[in-house]
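Student: test case, fold it:
(chains A and B)
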Amino acid sequence: DTGVSQDPRHKITKRGQNVTFRCDPISEHNRLYWYRQTLGQGPEFLTYFQNEAQLEKSRLLSDRFSAERPKGSFSTLEIQRTEQGDSAMYLCASSSGLAGGVEQFFGPGTRLTVL
Amino acid sequence: TQLLEQSPQFLSIQEGENLTVYCNSSSVFSSLQWYRQEPGEGPVLLVTVVTGGEVKKLKRLTFQFGDARKDSSLHITAAQPGDTGLYLCAGVFGGSARQLTFGSGTQLTVLP
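Tutor: Next up is the predicted model:
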């Protein structure tokens, strides 16, 4: 399977704990995105990497959130001191830098539940 | 802040009927994509439109991009239960922006 993969698919944690999610993009894609989706809404942009550089961050990305893409391949999204409002589906997408690279391909998501 | 409005929010129809879903913005898109999402899964890309007035067909699905690139529609002919899902439009608003701005989606249910 050469699509975008995410791990874990589900995470249940208690308020105040830290969690980390991983995303493996399509191998030849140099752009990687994180989105968050709550029930009944479309995904909302969190942050964007081109290779290892984090080029854009949404105001939704509070200082409890940090994302890395150390070698320009996989990425991690960490949430520190989780709150119940962090409960959501966290989606990763990747795109090619070629021909404008407008098409983004999504992974299956990580469903986070904060108790 | 650019916003995308999708309508209707919910749609329940009988198998064999036709339907249209709309996506509108007050801002110009540099490109627009339609996705379909099933419960507990990520969105799956259906089509990308870039040129104003563009029409693309994918089997029973027809996608139109408005001439002014501010709106788009998805028309499904002879809907089937397998078409059931959340349909999302998402636009890139140009400049240096790369992220997608999504509408809130249309939840389609096709009853057998």
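
Student: any idea how far the closest residue to chain A within chain B is from residue A:14?
Tutor: Relative to chain A, the nearest point of chain B is residue B:102 (3.1 Å; CB to the nearest CB). In short, each C-beta sits where N, CA and C put it, glycine included. The gap separating residue B:102 from residue A:14 is 30 Å, by CB to CB, to the nearest Å.

Student: and if you look at residue A:37?
Tutor: 22 Å.

Student: now residue B:3
Tutor: Distance of residue B:3 to residue A:14, given as CB to CB: 35 Å.

Student: out of the helices and strands in chain A, which is least certain?
Tutor: Sorting the helices and strands of chain A by mean pLDDT, DSSP states H and E puts strand A:53-57 at the bottom, at a mean of 91.

Student: return the residues of chain A in contact with chain B.
Tutor: Residues of chain A found near chain B (CB under 8 Å from any CB of the partner chain) are A:4, A:6, A:31, A:33, A:35, A:40-45, A:48, A:55-56, A:58, A:91, A:93, A:95, A:100-109, A:111.

Student: next, count neighbours for residue B:87.
Tutor: When neighbours are counted by other CB atoms under 10 Å in any protein chain shown, residue B:87 registers 24.

Student: same question, residue A:23
Tutor: Using other CB under 10 Å, residue A:23 has 27 neighbouring residues.

Student: apart from its neighbours in sequence, what residue is nearest it?
Tutor: Counting by CB to CB, 6 or more residues apart in numbering or on different chains, residue A:23 lies nearest to residue A:92, which is 3.4 Å off, once chain neighbours are set aside.

Student: sheet partners, orientation included, of whichever strand or helix holds that neighbour?
Tutor: Using DSSP states H and E, residue A:92 sits within strand A:88-95. Sheet partners assigned to strand A:88-95 using DSSP bridges are listed as strand A:31-37 (antiparallel), strand A:105-106 (antiparallel), strand A:110-114 (antiparallel).
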